[in-house]
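Undergrad: here is the input, now give the coordinates:
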Amino acid sequence: MPVNLSAGEQFSPEFLAISPNNRMPAIVDHAPADAGPALPTDLRGQTETLQWLLWQAAGLGPSVSQRLHFAQYAPERLPYSIDRFTRETERLYGVLDQRLADRPYIAG
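TA: You can find the predicted model right below:
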């Protein structure tokens, strides 16, 4: 479900029912019983999937969020912060592009 951050939709009861911490991404599995496991069943596949999940959660997600905050919402423009998070976001997108260069999915 698309969420309009500018309108504060991340604080709506509907979105908070999905993501109580009002953060993105929020994932809803509408068919968990027959849609397959969220993680691969083999240890190597689980490790690879968790590696990329943690990469997103600890690297890409926070960097994109900080870049957006300082470039769009901060009460005062801080060029150092904007530049720092723009460079880091571009670096991380490069990591993602390299990973997807020879495969359709990041993992699995």
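
Undergrad: and the spatially closest residue to residue 71 that is not a sequence neighbour, what's its pLDDT?
TA: Beyond its immediate neighbours in the sequence, the residue positioned closest to residue 71 (C-beta to C-beta, 6 or more residues apart in numbering) is residue 82, lying 5.1 Å away. To be clear about C-beta, it is placed using only N, CA and C from the backbone, and glycine gets the same treatment. Per-residue pLDDT puts residue 82 at 97.

Undergrad: what residues does the helix or strand containing residue 82 touch?
TA: Using DSSP states H and E, residue 82 maps to helix 79-100. Applying C-beta atoms under 8 Å, 6 or more residues apart in numbering, the set of residues contacting helix 79-100 from outside is 52, 55, 59, 60, 63, 64, 66, 67, 70, 71, 74, 106.

Undergrad: how about 6 Å then?
TA: For helix 79-100, the external contacting residues (C-beta atoms under 6 Å, 6 or more residues apart in numbering) are 59, 60, 63, 64, 66, 67, 70, 71, 106.

Undergrad: so what's the residue count around the nearest residue to residue 19 once chain neighbours are set aside?
TA: Excluding its sequence neighbours, the residue lying closest to residue 19 (C-beta to C-beta, 6+ apart) is residue 26, at 3.7 Å. By other C-beta atoms under 10 Å, the residues close to residue 26 number 16.

Undergrad: and what of residue 88?
TA: Around residue 88 there are 17 other residues, counting by other C-beta under 10 Å.

Undergrad: do you know the pLDDT at it?
TA: Predicted confidence (pLDDT) for residue 88: 98.

Undergrad: kindly report the same for residue 36.
TA: pLDDT at residue 36 comes out at 66.
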